[in-house]
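1. sequence and predicted structure, then a few things I'm wondering about:
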Protein chains: 4
Amino acid sequence: MSEKVVLAFSGGLDTSVCVKLLEENYNSEVITACVDVGQPIEDIKRAEEVANILDVYKHVTIDAKDEFANDFISKGIKANASYEGYPLSTALARPLIAMKIIELAKKENAVAIAHGCTGKGNDQFRFESIIKSMSDFKIIAPVREMNLTRTEEQLYAEERGIPISPDSIFSIDENIWGRSIEGDLLEDPINIPPEEAYDWTSSIANAKDDEEIITIEFENGIPIAINDDKKPLIDLIKIANEIAGSHGIGRIDIIEDRIIGLKSREVYEVPGATLLLEAHKGLEQLVLSKSELSFLEGVSTIYADLVYSALWQEPLKEDLDALIDSMQKRVTGKVILKVFKGRIAVVGRESPFSLHDIDQISFEDKTNDQREIEGMIKHHGLQAAIYQKLMKK
Amino acid sequence: MSEKVVLAFSGGLDTSVCVKLLEENYNSEVITACVDVGQPIEDIKRAEEVANILDVYKHVTIDAKDEFANDFISKGIKANASYEGYPLSTALARPLIAMKIIELAKKENAVAIAHGCTGKGNDQFRFESIIKSMSDFKIIAPVREMNLTRTEEQLYAEERGIPISPDSIFSIDENIWGRSIEGDLLEDPINIPPEEAYDWTSSIANAKDDEEIITIEFENGIPIAINDDKKPLIDLIKIANEIAGSHGIGRIDIIEDRIIGLKSREVYEVPGATLLLEAHKGLEQLVLSKSELSFLEGVSTIYADLVYSALWQEPLKEDLDALIDSMQKRVTGKVILKVFKGRIAVVGRESPFSLHDIDQISFEDKTNDQREIEGMIKHHGLQAAIYQKLMKK
Amino acid sequence: MSEKVVLAFSGGLDTSVCVKLLEENYNSEVITACVDVGQPIEDIKRAEEVANILDVYKHVTIDAKDEFANDFISKGIKANASYEGYPLSTALARPLIAMKIIELAKKENAVAIAHGCTGKGNDQFRFESIIKSMSDFKIIAPVREMNLTRTEEQLYAEERGIPISPDSIFSIDENIWGRSIEGDLLEDPINIPPEEAYDWTSSIANAKDDEEIITIEFENGIPIAINDDKKPLIDLIKIANEIAGSHGIGRIDIIEDRIIGLKSREVYEVPGATLLLEAHKGLEQLVLSKSELSFLEGVSTIYADLVYSALWQEPLKEDLDALIDSMQKRVTGKVILKVFKGRIAVVGRESPFSLHDIDQISFEDKTNDQREIEGMIKHHGLQAAIYQKLMKK
Amino acid sequence: MSEKVVLAFSGGLDTSVCVKLLEENYNSEVITACVDVGQPIEDIKRAEEVANILDVYKHVTIDAKDEFANDFISKGIKANASYEGYPLSTALARPLIAMKIIELAKKENAVAIAHGCTGKGNDQFRFESIIKSMSDFKIIAPVREMNLTRTEEQLYAEERGIPISPDSIFSIDENIWGRSIEGDLLEDPINIPPEEAYDWTSSIANAKDDEEIITIEFENGIPIAINDDKKPLIDLIKIANEIAGSHGIGRIDIIEDRIIGLKSREVYEVPGATLLLEAHKGLEQLVLSKSELSFLEGVSTIYADLVYSALWQEPLKEDLDALIDSMQKRVTGKVILKVFKGRIAVVGRESPFSLHDIDQISFEDKTNDQREIEGMIKHHGLQAAIYQKLMKK
């Protein structure tokens, strides 16, 4: 008798192939689940259509957009989370998708959860770490378990009449926080990414011809308004994506160290994330002490590394959240940015928690006697001076 | 009898006032010294002229451009040294200027070294830490010791007939690695810097209308050629400043934590530095291991903090140099960048020391069995899983 | 007319001299305040007596023992706070003493707060950073302001008939968390501290001749019982001091970097602190993940540095408290220690939050197939292997 | 036809079983190799005897003691390398053993290298990371590949007549730098280790009844003499083991995080390592600047983590070596220690590179005016003060 399996499903090649593999090789009744984390609406519709064509046991679309913004992206913003230059779009969404799939699998009395990841990438880690720490479901990874290459998958799809979308030559993943593009000619780090790799952002040449001044307001480290228009976070991200995308902002091209240690050339489009993170950091410079800023830099790196590396469930992540929340209580205020032709510049900022003291800093200040600094200078670098004198001997 | 004092001299208000203060209040014969670290040639000429007008005992111009590039900026590049977003132009030059002044003071049998810094800024620390650790000269800081405000200095200058250059309303410092702009309306972090604050960089609106593809070649972490044209570092920096400046690259606007703890709004123009550092970091992603990249990030922050904070002489800086040199032995190769309208993007990179393995990364690879990864995934995040299961009880 | 000044008073040489200096040179009516942070009861009595002899305007003893244990030492324990090997006794007490003095000064309508610190040490920083950030009181530091040496103070004391206690040749500071000893022959790092420097701890030769097994129980990182006897923290510390002291535990002899950068040889007796911190760290090894333990190590260093360096009020300290509290929620359980002849060893530990899985670790486990590890090993150190193969070419 | 395999051989249960497994299941001719890294001479002899009884193709003993001391332990000392409290004895020796086995396998024209590690521990990683990055030999791990438990191995040994040494109930590994003890009742963290677990160290009760004063001399961070007797490092370690062991020094009992993430209770005896590392750190406090000491603490943790985690070949390890060597150039001088009943105390230290300035530190110093410090205090913690005042509003 066949058993119910919930498959995380996008309607792309990998997951479509998985439906048939699960039915044929794993004796499964397949429930396909598409979790909406803000990817384009056509993608969600295509998943439905493909599921229909493949005649799956059941197809479910789960709306998780608000949860994604409020419980995942918000943490990424507060932490300035960026892994080797990449603001973690896919990495932030995977734990939530896995959690939603677990919920569904429980409701449907499934016996296993399946995913379409291959054995080279990061997402297999991200899915499975959540599934194994939050449930006891068996995990099935058909493509990996059968060691298929992309070409083999394509052949299998043709044989089984699986619809292959007239897609990009690239492997794409999208959610509201970003779009990742990999594969084909991008694999070689010396190749310049072609314009057709991009979808969310204008090229500089085609970007708007006028600069735009934007104000972004934060409360406790979270954006609450753009240009004085208060909205839920999910809507602000959408607006940020549009504004920044139209100015050609947010294209990223890096060499990334994958979880298993391979270096991989990755291209991303993250217009809204780039804009909001720049604004966030600009405000922090005003309200956090030098010690906090310097410590936070290391924390951001570690936080991003945990999220990237499928360790969303690490107790250290929770500890860092507590630290970050303590800092972010003062990250409240307004930032002015200039965006134009691919460039963002923070050009103004203000906050009720500003540690900037305009009177003390002025060249005209007479309330502080400059001579008082002499004792400090005398002792500054005392050990360096002792060292240098010693070395001269 | 009056005593010989060497004064670090720029011909600006502070140091011009110092000449007279030293003569009148400190009974000194003043030798003015202008150290050439790549500031505009007019600045060096103006220093000569002003010294002449002020009728100093002697005026000396010291060419330290090559030393600045080869022994100071090169270290900044290798370390990716950037303090809170500022690539340390003035901070890198001050130790060298102080060293050159010490040499001169010894040659001239001076009894003291003087500088024009006030008691609010960073440069007093940078001058004095070098002087006290490398010599026994008495240090005189007339403006600070007399607790003068800018207005008081201006009045004094008028009374003594000291030429005040028809300068910018801003306080400017320039060397080949960057230009810093502060004071006046910039003091308030909410004010947007006006276009006239900038001199080295085009506005985005006025920047070139065509994108430019540039290749930069590195050897042991140091740029050796731009667009295949090999030149000494000092010349490459000049070229980088021109290219990047013409594309509107390198304007920086930050809230900076000064050595004494005051937050200060600072504006910089660092076109060449921005270009070369981006290229450098792009190449490092290809050749350094993930562990190295992650460790280097913390090292860069500490390195920049030491240089910024007048601790060029700290033994830890020497230790970090040894570490960085060990890493940089492999930072050899070529980087392709696209520059356009204020935006730099690394779009290609290659190196004989690349850790990128294009065969292993490919979706078509069959030499590595994907199933081997299962044991790794099973153990990945083991403690996180134990923790989560524990917490559910 | 003379003005009321509250003086932090111990009855020792420095503060006794200050009473007279304040009266004679600062035209003050002196209120002496002795804050009880668990120093020996005789010290508190002597302060009263000396105040009486000196005929001060008013003498006040303030009991702050419980606050010291619950709000200051407890934070030190949770953070494993130790500065260069010293568990921060004096440094932890100074902020509280300053706070209590501020309260008193407000109640008494004083105009200033005075302390007896010289210009070489750390305590002047610790007092003044609290006073200036929590009040607007004027600060008077008579010994420093008059630049007196110890010998000059002694002469002045003799002239004024100030009682000099037949004290130790050393300079001592004590509170419930530790005893610091400095000065005289200890100043030279090559001299071995003589037995008479110690008071709280037996020498190894005189320590008890039987080993003792102790259990210490923790809840949320705080000790709540010793040998199953639940008591308030302040009492547990007292007991820990007695047990550990009788076994010769807790003598510390280090070269310490003072706030102003001088290296100083410091000797401490911290028997209870040593015992409780060892137990605390022993329990953490069982319940915190490897990532947490490794991150906490850096946090402890920074935390101790902040406390040592008079930055109790830094916002970063509050942020770190939030992080530490998040971790300490699981530091609940029991630790068994063996103490004997100066040596402490954690020899057993257990906790409901233990991440130790005795079944998985066993050599007899069959539920986990050893072969699964092969894929992990294959990928472990992948970049190191690529690097080494590259270098061989 | 059978193929030649070199087996890392100790003569214990695991490796003895491997000989037969290799012959029977892998069709091999087995060359057993015992690498002498300072384990007890009886162990080396027993390996020879057991190899003889097992009638192996060839048995080789390789003396690597000096290399171990000079190229591996010396690095551990300079780095203060200690992983979660354990000074890395086995972890330091494994890379060298693997290197020696590779050399032998090349010389013998073997086709594979075998080891006896199970799939739970760390040593499989340490062997294989070296073998795969330094050679192309096939790796065979018979016990792991056949998924045998200890009991199954014992049964197999009985069946095949493999001599089982009348060994300890514990699993032991020894080399000159330390002895590790695990298994049996030690697996449960709440059990107190019994006295028979220890071999190199006296119990405190049986330790010498007189304290001993020892001087240790260092040059560039390496011990060169004990009690003024200059010897090669390997001999000094032997002497240090004897002295410290006789005083009951160097028993370690910790919960350790293994490479695969399991927590494991581990017991070690490291008398010499404990003594030499304490002395080394004591000297560093005198000669390194505060910035260096604080940075080095993090470096030590990372260094130990790399070595423990089988990443001896990571390029970051080489970078850290360069940094550490730069620091250690000044770690030259003499340390006096008191050892007695399990306790080590550094009680004196001196160095030509001392940064300690006895004149400045003295309470009697008049050359430095105490009042100069006031300006420093005024600015100390400036941001903390601004923050506190802001928060009160």
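-> Yes, it's here. On a predicted model such as this, the values are computed, not experimentally measured, just so you know.

2. is it true that residue A:279 touches residue A:335?
-> Yes. Counting by Cβ atoms under 8 Å, residue A:279 sits close enough to residue A:335 to count as a contact (4.3 Å). Every residue, glycine included, has its C-beta placed from N, CA and C.

3. I figured residue A:56 hits residue A:32, correct?
-> Yes. Using Cβ under 8 Å as the test, residue A:56 is close enough to residue A:32 to be in contact (4.9 Å).

4. just the closest residue of the stretch 51-200 of chain A to chain D, please.
-> Residue of the stretch 51-200 of chain A nearest chain D, by Cβ to the nearest Cβ: residue A:129 (11.8 Å).

5. which helix or which strand is home to residue A:301?
-> Counting by DSSP states H and E, the element that carries residue A:301 is helix A:290-308.

6. between helix B:290-308 and that helix, find me the angle.
-> 170 degrees (axes from the mean of the first three to the mean of the last three Cα atoms, to 10 degrees).

7. could you point out the helix or strand that follows helix A:290-308?
-> Following helix A:290-308 toward the C-terminus (DSSP H and E): helix A:315-328.

8. list the helices and strands that next one packs on?
-> Using 3 or more Cβ pairs under 8 Å, 6 or more residues apart in numbering or on different chains; DSSP states H and E, the elements in contact with helix A:315-328 are helix A:74-78, helix A:290-308, helix B:382-392, helix C:290-308, helix C:315-328.

9. what residues does the shortest one touch?
-> Outside of helix A:74-78, the residues within contact range by Cβ atoms under 8 Å, 6 or more residues apart in numbering or on different chains are A:81, A:87-88, A:92, A:177, A:221-223, A:233, A:273, A:276-277, A:280, A:307, A:321, A:324-325, A:328, A:331.

10. now, which of those lie within strands?
-> If you go by DSSP state E, the contacts of helix A:74-78 have A:222, A:223 in strands.

11. any residues in contact with both of residue A:279 and residue A:335?
-> A:216, A:218, A:346.

12. could I get those residues as TSV with pLDDT, neighbour count and distance to chain C?
-> Converted to TSV, the shared contacts of residue A:279 and residue A:335 look like this (pLDDT from 0 to 100; neighbours: other Cβ atoms under 10 Å in any protein chain shown; distance: Cβ to the nearest Cβ, whole Å):
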residue	pLDDT	neighbour count	distance to chain C
A:216	98	26	23
A:218	98	26	17
A:346	95	24	22
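
13. ok, the residues you listed vs residue C:6, which is closest?
-> Nearest to residue C:6 out of those is residue A:218 (Cβ to Cβ; 42.5 Å).

14. what packs against the helix or strand harbouring residue A:235?
-> In the assignment (DSSP H and E), residue A:235 maps to helix A:233-246. Applying 3+ Cβ pairs under 8 Å, 6+ apart, one finds that helix A:233-246 contacts strand A:222-226, helix A:271-287.

15. mind doing that once more with 10 Å?
-> Other elements packing on helix A:233-246 under the criterion 3 or more Cβ pairs under 10 Å, 6 or more residues apart in numbering or on different chains; DSSP states H and E are helix A:65-67, helix A:74-78, strand A:212-219, strand A:222-226, strand A:229-230, strand A:263-269, helix A:271-287, strand A:333-340.

16. next secondary structure element downstream of it?
-> With elements assigned by DSSP H and E, the helix or strand that comes after helix A:233-246 is strand A:251-257.

17. ok, that next one near chain D or not?
-> No. Applying Cβ under 10 Å from any Cβ of the partner chain, one finds strand A:251-257 separated from chain D by no less than 12.7 Å.

18. can you map out the strands along the stretch 101-250 of chain A?
-> For the stretch 101-250 of chain A, the strands defined by DSSP state E, counting those that start in this stretch cover A:112-114, A:138-140, A:171-175, A:178-182, A:212-219, A:222-226, A:229-230.

19. ranking these by burial, who's on top?
-> strand A:112-114 (a mean of 25; mean count of other Cβ atoms under 10 Å in any protein chain shown).

20. strand partners of that strand, parallel vs antiparallel please.
-> Sheet pairing of strand A:112-114 (DSSP bridges) gives strand A:3-8 (parallel), strand A:138-140 (parallel).

21. related to what we said a few turns ago, nearest to residue C:316, of the helices and strands packed on helix A:233-246?
-> For residue C:316, the closest of the helices and strands packed on helix A:233-246 is helix A:271-287, at 12.9 Å, according to Cβ to Cβ.

22. chain center to the closest one: distance?
-> 15 Å (Cα atoms, centre = their mean, to the nearest Å).

23. could you do stretch A:111-124 as well?
-> For stretch A:111-124, the distance to the chain centre is 19 Å (Cα atoms, centre = their mean).

24. with stretch A:103-115 instead?
-> Worked out by Cα atoms, centre = their mean, stretch A:103-115 lies 26 Å from the chain centre.

25. then stretch A:15-23?
-> That offset, for stretch A:15-23, works out to 28 Å (Cα atoms, centre = their mean).

26. residue B:353 versus residue A:355, what's the distance?
-> Distance, residue A:355 to residue B:353, using Cβ to Cβ, to the nearest Å: 43 Å.

27. between these two, point out the one with more neighbours.
-> Set residue A:355 next to residue B:353 and count neighbours by other Cβ atoms under 10 Å in any protein chain shown: residue A:355 wins out with 25 against 17.

28. could you look up the SS state of that one?
-> coil (DSSP: H, G, I helix; E, B strand; the rest coil).

29. re the thing from before, for the helix holding residue A:235, buried residues please.
-> Residues of helix A:233-246 classed as buried by neighbour count (16 or more other Cβ atoms under 10 Å in any protein chain shown): A:233, A:234, A:236, A:237, A:238, A:239, A:240, A:241, A:243, A:244, A:245, A:246.

30. pull the most distant pair out of these.
-> So, these by Cβ to Cβ: farthest apart are A:233 and A:246, at 20.5 Å.

31. and the stretch 1-150 of chain A, which residues reach chain B?
-> So the stretch 1-150 of chain A meets chain B at A:84-85, A:117-121, A:124-134, A:136, A:139, A:141, A:143-150 (Cβ under 10 Å from any Cβ).

32. apply 7 Å and report the result again.
-> A:84, A:118-120, A:124-125, A:128-129, A:132-134, A:144-145, A:147, A:149-150 (Cβ under 7 Å from any Cβ of the partner chain).

33. so, low pLDDT: which residues of chain A?
-> Along chain A, the parts satisfying pLDDT under 70 run over A:1, A:166-168, A:360-367.

34. would you mind splitting chain A into its domains for me?
-> The record's domain parsing of chain A by automatic domain parsing lists A:3-171, A:173-350.

35. save these as a markdown table, and put in distance to residue B:108 too.
-> Listed next are the domains of chain A as a markdown table, based on distance: least, Cβ to Cβ, whole Å:
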| stretch | distance to residue B:108 |
| --- | --- |
| domain A:3-171 | 51 |
| domain A:173-350 | 39 |
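
36. for residue B:257, find the nearest of those domains.
-> Ranking the domains of chain A by distance to residue B:257, with Cβ to Cβ as the measure, places domain A:173-350 first at 3.7 Å.

37. from start to finish, how long is the closest one in a straight line?
-> End-to-end distance of domain A:173-350: 37 Å, with Cα to Cα, to the nearest Å as the criterion.

38. just to revisit the earlier point, can you say which of the helices and strands packed on helix A:233-246 is packed in most?
-> Greatest burial across the helices and strands packed on helix A:233-246, using mean count of other Cβ under 10 Å, falls to helix A:271-287, with a mean of 25.

39. that one vs chain B: in contact?
-> Yes. In terms of Cβ under 7 Å from any Cβ, part of helix A:271-287 sits within range of chain B, namely A:285, A:286.

40. now do that helix: everything it contacts.
-> Applying Cβ atoms under 7 Å, 6 or more residues apart in numbering or on different chains, the external contacts of helix A:271-287 come out as A:77, A:80, A:87, A:89, A:177-178, A:200-201, A:216, A:218, A:221, A:223, A:237, A:240-241, A:243-245, A:249-250, A:293, A:330-331, A:333, A:335, A:337, A:339, A:344, A:346, A:349, A:351, A:353-356, B:84, B:189, B:254-255.

41. ok, back up a step: what helices or strands is the helix holding residue A:301 leaning on?
-> In terms of contacts (3 or more Cβ pairs under 7 Å, 6 or more residues apart in numbering or on different chains; DSSP states H and E), helix A:290-308 is packed against helix A:89-107, helix A:315-328, helix B:290-308, helix C:315-328.
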